[in-house]
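J.: Show me how the following folds:
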Amino acid sequence: MRALYPGSFDPLTLGHLDLIERASRLFDGVRVAVLQNPLKQPAFPLEQRLEQISAATAHLKGVEVGSFDGLTVDYARACDASVILRGLRALSDFEFELQIAHTNKSLDPDLETLFLATGVNHSFLSSSVVKEVARFGGDVSHMVPEGVAQDLRRLFNRPSPPG
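T.: Purely as a prediction, here's the structure:
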């Protein structure tokens, strides 16, 4: 069984990576898919986000990285996924994610959504919080993979942390 893990991943956080690693143990294959959303202005261009995810998941068997636009259910069908994976950090995420899951189910009754709780040590993370900390020069090395931390420092013209 194959799972699809869609998102903007702008940037990929250690919370995202935790879900990908856990999903790689649960499923025969996991497609991490970056949504190209024309309504959002991402910090990193699509190709760079794909590279960041590929580098961070290179050690995992069965993980593929791709991108899509349009409906998630259409992309899930195209990549032969039977499950959409979604992470939950807090109860506040659940209401929105449940609405999306029901919408996807109405569009494709054969497609399931699986919610995985984010690990406690990553439950405070969001891409928005990471970008805000990085923008003001805070250390994000405990929030994102090292390559992403380097990209954020370059993006916001910040020096590497000492040591």
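J.: all helices of the protein, in order?
T.: With DSSP state H as the criterion, the chain has helices at 14-26, 46-57, 72-78, 91-107, 127-135, 146-155.
J.: neighbours of the spatially closest residue to residue 127 that is not a sequence neighbour, just the number please.
T.: Once flanking residues are discounted, residue 127 sits nearest to residue 10: 5.3 Å by CB to CB, 6 or more residues apart in numbering. All C-beta spots, glycine's among them, are computed from the backbone N, C-alpha and C. Applying other CB atoms under 10 Å, we find 23 residues neighbouring residue 10.
J.: With residue 58 instead?
T.: So residue 58, with other CB under 10 Å, has 9 neighbours.
J.: Equivalent analysis for residue 19, please.
T.: Residue 19 - counted by other CB under 10 Å - has 24 other residues nearby.
J.: which residues touch residue 18?
T.: 118-119, 122 (CB atoms under 8 Å, 6 or more residues apart in numbering).
J.: For stretch 41-61, buried residues please.
T.: 42-44, 46, 48-50, 52-53, 56-57, 60 (16 or more other CB atoms under 10 Å).
J.: nearest residue to residue 63 other than its sequence neighbours?
T.: In space, and not counting its chain neighbours, residue 63 is closest to residue 57: 4.6 Å by CB to CB, 6+ apart.
J.: I misspoke; the intended subject was residue 5.
T.: The shortest distance from residue 5 to any non-neighbouring residue, by CB to CB, 6+ apart, is to residue 85 (4.3 Å).
J.: Against residue 6, how distant is that neighbour?
T.: 8 Å (CB to CB, to the nearest Å).
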